[in-house]
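# Please work out how this folds:
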Amino acid sequence: LASQAIGVRDEMDYQMQERLRELLRDLENCVINGVASGSSPQGSSTVRRTMNGILAQLTTNVFEPGVGPIPPGKGAGQDELSEIVLNAAMKEIWEQSNGTVDLLVMSAAQKRKLNSFIGETRGFSAGDTVFRDLVSQYVSDFGVTRVVMSRWMPDDKILMLDSSRIDVLPLAGRSFHMKRLAATGDSESAQVIGEYTLELRNEGAHGVLQGLA
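Alright, predicted model coming up:
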């Protein structure tokens, strides 16, 4: 910290911001893909606490193209995302619970498949200078859903969620904060502390579409 880098007012603050971004990415991954320890999810003096993510908690509404009430998908293997498949899955959730799916979470690969839904209906005027190939909201008979891409979603799955029944909450007094540590010689150090958990209410109000190509 004896010299100042260009564009960095305070090196310690900058490093704290970078570590916080890393922790937020880790938290997003854990919220989606986390798996709690079978023996000691609450942790111990030597084992960190763990939690089940959304995918691990969903057991009621698990759908797959061509299986049960879900029709076959597109492609040679009949396992690619199509509007018929997505609507069938959303219909099952709507009929089996009082929830309303208002959030779709998917990988970049499935987002590209979703964007293709508008391929046959896309229109342009003579004065258009911007080509748009983007779906940020999907409107169906079962409501308006926001479409969110996540780097941590498996490529073969799409989450269908009721966002009013999901919260990511800090444990008591454990929201993200910086704690400075004792100086060692001429060095300064600190750590970013935070512990969060996932609250998933009414598991039947959510669903996952899996087995997608």
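# can we go C-alpha only for contacts and neighbour counts from here?
Will do.
# Show me what the mean pLDDT comes to for the helix or strand where residue 86 lies.
If you go by DSSP states H and E, residue 86 is part of helix 83-96. Helix 83-96 carries an average pLDDT of 94.
# contacts for that helix?
With Cα atoms under 8 Å, 6 or more residues apart in numbering as the test, helix 83-96 has contacts from 61, 63, 65, 69-73, 99-101, 114, 117, 140, 142, 160, 204-207, 209.
# what do you get for stretch 174-182?
By Cα under 8 Å, 6+ apart, stretch 174-182 touches 16, 20, 188-196.
# Make sure residue 41 is indeed in a helix.
No. Under DSSP: H, G, I helix; E, B strand; the rest coil, residue 41 falls outside any helix and is assigned coil.
# Tell me what angle the longest strand along the chain forms with helix 83-96.
Secondary structure assigned by DSSP state E gives strand 143-149 as the longest strand of the chain. Going by axes from the mean of the first three to the mean of the last three Cα atoms, to 10 degrees, strand 143-149 is angled at 120 degrees with respect to helix 83-96.
# contact partners of strand 143-149?
100-108, 111, 135-139.
# Show me the two of those residues that sit farthest apart.
The distance between the two most remote of the contacts of strand 143-149 (Cα to Cα) is 23.9 Å, for 100 and 108.
# Between the two, which is the more surrounded one?
Ranked by neighbour count (other Cα atoms under 10 Å), residue 100 and residue 108 place residue 100 first, with 23 against 17.
# Specify the local secondary structure of the more buried one.
Secondary structure, three-state DSSP: residue 100 is coil.
# measure residue 184 to residue 23 for me?
25 Å (Cα to Cα, to the nearest Å).
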